[in-house]
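Undergrad: Sharing a model that was predicted from the sequence below.
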Amino acid sequence: MEPTVRCDMKVSIVINNYNYGRFLGAAIDSALAQSYAHTEVVVVDDGSTDDSREVIAGYGERIRSVMKTNGGQASAFNAGFAASEGDVICMLDSDDFFYPNKVEQVVKAITAYPEVRWVFHPICRIFQDGRTASTPPIPETISVDHRKSALRGKLPGPPGPVTSGLAMSRQLLDSILPMAESIRITADNYLIFLAEALSPGIYLHDAPWSVGSQGSTNVSHGCVNMAPADAALYYNMELTGDPVTILGSSRAGEWGNGWTDWFLPWPKYLQGSAINQAVEAGPDGSAFVSPQAQPPYTGAAAPIGGPPSNSANAA
């Protein structure tokens, strides 16, 4: 059963900005458009010299603005957190934007795992040619507790993400911030490492950003994008080795992009054997078998841009 959303939990979206006026409006608009209603938006301008402050002024009382002299990313984080009132803080870089259900998904995760104090997730990079890529690659939602490792001085490096993929409880951030303002860049790494050292948390993996296109458009690069509820249903039911057939996409598969050598029919696969032999297992043991001894492959060659007709895309 999908967890319900705790509507009593207030969430602050803290946007840090320096000279990104050309992107700032989109970031603020996305924060104001969240499906989770109990949300406030705090915008910190770190001494911009472009039109950022005019952009901020245009939102009036719909946002809480913090204007400060330039001090770097750490100082902006400190100022934004101090001005926020939420039980959960979602960080957002001003050149990024949130999908409408971002905050809702974070609140659902915290509701489902009340012991966690942080929720991190990949971001979806959108390139000028329309391509998208999820980074860092997190294959499944994972629960993380590195506190014992941290006490031994063996805290593993986190898989990411960048600032816009970070959400932390106020309780946790109270023990981390304010941070040293000499950290002018990569202050998000400071937050990630300390969050993992101090509290258990969750790395989310789902694809809420592509729900509207799923079933009609190729929305991934080798991964099967699913709505969160659908992903949970599939995860709870699938078994290792289950075939998955992808339907409804007008875009053909591309070699090396979600369709690679393991989709080739076995006789065709053997033709490319680098050692010109294969291992055939049977009840009497294993033996090397030359590809030439196999039945000839009579199927059509798989062209780049389309998988073999008798194969199933799998993820």
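TA: Here it is on my side, so go on.
Undergrad: hang on, isn't Ile63 packed against Leu32?
TA: Yes: Ile63 sits in contact with Leu32 when judged by C-beta atoms under 8 Å, with a separation of 7.5 Å. C-betas here are computed from N, CA, C, even on glycine.
Undergrad: any common contacting residues for these two?
TA: Val41 (C-beta atoms under 8 Å, 6 or more residues apart in numbering).
Undergrad: Between those two, tell me which one has more neighbours.
TA: A count of neighbours by other C-beta atoms under 10 Å puts Ile63 above the other of Ile63 and Leu32, at 18 against 15.
Undergrad: residues contacting the closest residue to that one other than its chain neighbours?
TA: Distances taken as C-beta to C-beta, 6 or more residues apart in numbering place Val41 nearest to Ile63, at 4.4 Å, with adjacent residues excluded. Contact partners of Val41, counting by C-beta under 8 Å, 6+ apart, are 12-13, 15, 28, 31-32, 62-64.
Undergrad: and which of those is nearest to Asp95?
TA: Ile15 (10.2 Å; C-beta to C-beta).
Undergrad: tell me which element the closest one falls in.
TA: strand 11-17 (DSSP states H and E).
Undergrad: Pull up the pairing partners for that strand, direction included.
TA: Strand 11-17 has the following strand partners under DSSP bridges: strand 39-46 (parallel), strand 88-93 (parallel).
Undergrad: Which of those sits closest to Ala76?
TA: strand 39-46 (4.6 Å).
Undergrad: Which SSE is immediately downstream of the closest one?
TA: Under the assignment DSSP H and E, the closest C-terminal helix or strand after strand 39-46 is helix 52-57.
Undergrad: Give me the contacts around that following helix.
TA: Helix 52-57 is contacted from outside by 17-21, 24-25, 28, 43, 45, 63, 65, 67, 94, using C-beta under 8 Å, 6+ apart.
Undergrad: Beyond it, next helix or strand please.
TA: Next element after helix 52-57 (DSSP H and E): strand 64-68.
Undergrad: As a check, name the ranges of all helices in this structure.
TA: 21-32, 52-57, 73-83, 102-112, 147-151, 170-174, 187-198, 228-237, 266-271 (DSSP state H).
Undergrad: Including mean pLDDT and distance to Cys124, could the ones you listed go into CSV?
TA: As requested, those are arranged in CSV below (pLDDT from 0 to 100; distance: least, C-beta to C-beta, whole Å):
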stretch, mean pLDDT, distance to Cys124
helix 21-32, 95, 13
helix 52-57, 98, 24
helix 73-83, 97, 22
helix 102-112, 90, 11
helix 147-151, 89, 30
helix 170-174, 97, 25
helix 187-198, 93, 17
helix 228-237, 63, 14
helix 266-271, 66, 33
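Undergrad: Nearest approach to Pro136 belongs to which of those?
TA: helix 187-198 (11.2 Å).
Undergrad: that older thread, got the angle for the strand holding Ile15 vs helix 102-112?
TA: 130 degrees (axes from the mean of the first three to the mean of the last three C-alpha atoms, to 10 degrees).
Undergrad: just to revisit the earlier point, by neighbours, which of the contacts of Val41 wins?
TA: Most surrounded of the contacts of Val41: other C-beta under 10 Å gives Ile15, at 31 neighbours.
Undergrad: distance of that one from Ala83?
TA: Using C-beta to C-beta, to the nearest Å, Ile15 is found at 11 Å from Ala83.
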